[in-house]
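> What follows is a predicted structure for the sequence shown.
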Amino acid sequence: MRWCLTDQQQRWSPAADLVWTHYDDSDDWVVFHPQSGDVHLVTSSAHTLWTLVSNERTCRLPDLVASLAAALGRPADAELTAATTETLALMDRAGLVRPICP
Amino acid sequence: MPSSESPLSYLATSGLQLSLGPFLVRVRSDLAGVREYLERLYADFPLSRAEGGHFDVAVIASGGLRKWVRPQANLIVNGEHPFFPLPGHLAGAVFEWSLNWCVGNQAHRWVAVHAGVLERNGRTLILSGESGAGKSTLCAALALSGWRLFSDEFALIDPDSGRLTPLPRPIALKNASIEIIRARSRDVVFGREGVDIEGARFVHMKPPVESVRRARDDAAPAWVIVPRWVAARPTVLEPLPKARALLRLTDQSFNYNYLGAKGFECVAELVRRSECYTLEYSDLDDVLTRLESLTAS
């Protein structure tokens, strides 16, 4: 069965063994993916989302949007949902998160 | 029988051993161009009769009619043929490219990043530039202005200590940079000028003798600079966010992922310990003054 990014029930898990680095002179994070050897520049919000994926038990889109809204201090509206979906897709392509297949 | 007076006399037989920073290189060649190149640009380096080494480099002339008709240089490195045969007049450059290949592909004790590195007062300045950005020109100008040349090609970072290891070698200059650097010092020794396979004029500049003499003295990282030469542009030196500097250096590294997380963390720590800048310039004297002031503060 193929997973669907827009599926509200799709659950997500973090990739293992990532190495995250942050410096004081900007909000961005740099992450090293040891399996691919790739390095990615990640925004502060995307890093917060990844942390939520790592910490949350359910990791479904509505839960993540709600937690992200609380963390960023903004409403859990359609705009944030779209941004979260897009960021999950980007992190999926970079191998930073993985969909959990039912 | 080879003469015992000059190690170069072993070049065409058992080979000579060249000490390059932390590496011992066994070099063999039957091409006069390689011998002439070594005599001219490696005169200050420790040379001896070959007794092994980390890298085994042979630059050998093609046989048959190729000896006389458009001669070719064949490169053999540790038994491998990393490049197709190249025109014989590029023999000296082929030797340099072979060393780049060796370090980039086999020196995994260090994290190797494509960059120019110079040192002053025990602190290094790393120049990480795109091709054509003026990195080698700036590197050569700094090496002629009192900075110690670590390398024009490689930042070798020791993952255990975080310090940089010198690998001084001739600096490759292309096109207009040749005249710019020639005009800055009459004492500089250059190799024979050539045209590479992309049609660019190039020449190699002999490294300063003091840099060669101190080729075992490592140093701490201090500055990472991403230079870009832009015609008629005033010198602009601006802070570069460290996350972007890290992305830049890992992108330019040959082997950080070979070393896994340790390699990444090594580069990340180097960036943490360094001030990072972008630099746009067109006037070499002005940029040297700016870097003088930056690194003195």
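Noted; the coordinates are in hand. Residues are numbered from 1 along each chain as shown, chains lettered A, B, ... in the order given.

> Would you mark the buried spots in stretch B:290-297?
Buried residues in stretch B:290-297, counting neighbours by 16 or more other C-beta atoms under 10 Å in any protein chain shown, are found at B:290, B:291, B:295. Backbone N, C-alpha and C define where each C-beta goes, glycine included.

> Low-confidence bits of the chain, can you list those?
Looking at chain A here, since you left the chain open. Residues of chain A that meet the criterion pLDDT under 70 lie in A:1-8, A:58, A:102.

> wrong one, chain B
For chain B, applying pLDDT under 70 flags the ranges B:1-5, B:65-66, B:69.

> Is the residue lying closest to residue B:51 once chain neighbours are set aside bridged to anything, and to what?
Nearest in space to residue B:51, with sequence neighbours left out and distances taken as C-beta to C-beta, 6 or more residues apart in numbering or on different chains, is residue B:17 at 6.1 Å. The residues paired with residue B:17 through beta bridges, assigned by DSSP bridges, are residue B:26, residue B:48.

> For chain A, state which of the buried residues of stretch B:290-297 is nearest.
Closest approach between the buried residues of stretch B:290-297 and chain A, by C-beta to the nearest C-beta: residue B:295, at 19.3 Å.

> Can you check my assumption that residue B:132 lies in a strand?
No: per DSSP: H, G, I helix; E, B strand; the rest coil, residue B:132 lies outside any strand segment and is coil.

> list the contacts for it?
The neighbourhood of residue B:132, defined by C-beta atoms under 8 Å, 6 or more residues apart in numbering or on different chains, consists of residue B:229.

> Over to residue B:192. Which of the three states is it?
Three-state call for residue B:192 (three-state DSSP): coil.

> If you could redo that for residue B:231, that was the one I meant.
Three-state secondary structure (criterion: three-state DSSP) places residue B:231 in coil.

> now swap in residue B:238 and tell me
Classification of residue B:238 by three-state DSSP places it in strand.

> hang on, residue B:19 packs against residue B:44?
No: the pair residue B:19 and residue B:44 fails to qualify as a contact (C-beta atoms under 8 Å) at a distance of 11.0 Å.

> quick one on the thing from earlier: isn't the residue nearest to residue B:51 right up against residue B:50?
Yes: under the criterion of C-beta under 8 Å, residue B:17 lies in contact with residue B:50, with a separation of 4.5 Å.

> May I ask which helix or strand encompasses residue B:142?
Residue B:142 is part of helix B:135-143, with elements assigned from DSSP states H and E.

> which other helices and strands contact that helix?
Judged by 3 or more C-beta pairs under 8 Å, 6 or more residues apart in numbering or on different chains; DSSP states H and E, the packing partners of helix B:135-143 are strand B:116-120, strand B:123-127, strand B:148-151, strand B:171-174, helix B:176-182, strand B:220-229, helix B:284-296.

> Quick check: buried residues in that helix?
For helix B:135-143, burial by neighbour count (16+ other C-beta under 10 Å) applies to B:135, B:136, B:137, B:138, B:139, B:140, B:141, B:142, B:143.

> go on, stretch B:98-105?
With burial defined by 16+ other C-beta under 10 Å, the residues of stretch B:98-105 counted as buried are B:98, B:99, B:100, B:101, B:102, B:103, B:105.

> what do you get for stretch B:271-285?
B:271, B:272, B:274, B:275, B:276, B:277, B:278, B:279, B:280, B:281, B:284.

> Please apply the same query to stretch B:17-36.
B:17-29, B:31, B:33-35.

> Next: stretch B:170-182.
Along stretch B:170-182, these residues count as buried under the neighbour rule (16+ other C-beta under 10 Å): B:170, B:171, B:172, B:173, B:174, B:177, B:178, B:181.

> Contact partners for residue B:33?
So, once contact is read as C-beta under 8 Å, 6+ apart, residue B:33 ends up touching B:73, B:88, B:89, B:91, B:92, B:192.

> Which helix or strand lies directly C-terminal to the longest helix anywhere in chain B?
Across chain B, the longest stretch assigned as helix under DSSP state H is helix B:91-106. Proceeding C-terminally, helix B:91-106 gives way to strand B:111-114 as the next helix or strand, assigned by DSSP H and E.

> coming back round to it: export the longest helix of chain B as CSV, just CAs?
The C-alpha trace of helix B:91-106 is given here as CSV (Å, rounded to 0.1, in the frame of the first residue of the first chain):
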residue,chain,number,x,y,z
ALA,B,91,53.6,16.3,-17.8
GLY,B,92,54.4,18.6,-14.9
ALA,B,93,50.7,19.5,-14.4
VAL,B,94,49.8,15.8,-14.7
PHE,B,95,52.1,15.2,-11.7
GLU,B,96,50.3,17.9,-9.7
TRP,B,97,46.9,16.5,-10.7
SER,B,98,48.0,13.0,-9.6
LEU,B,99,48.9,14.4,-6.2
ASN,B,100,45.4,16.0,-6.0
TRP,B,101,43.9,12.7,-6.9
CYS,B,102,46.0,10.8,-4.2
VAL,B,103,45.1,13.2,-1.4
GLY,B,104,41.4,13.6,-2.4
ASN,B,105,40.9,9.8,-2.8
GLN,B,106,43.2,8.2,-0.3
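
> if we can go back for a sec, out of the buried residues of helix B:135-143, which is nearest to chain A?
The shortest distance between chain A and any of the buried residues of helix B:135-143, using C-beta to the nearest C-beta, involves residue B:135 and amounts to 21.2 Å.

> nearest spatial neighbour of that closest one, skipping sequence neighbours?
In space, residue B:135 comes closest to residue B:129 once its chain neighbours are excluded; the distance is 3.4 Å by C-beta to C-beta, 6+ apart.

> Does that neighbour touch residue B:227 like I think?
Yes: between residue B:129 and residue B:227 there is a contact at 4.9 Å, judged by C-beta under 8 Å.

> Residues that sit against both of those two, list them.
Residues within reach of residue B:129 and of residue B:227 at once, by C-beta under 8 Å, 6+ apart, are B:135, B:138.
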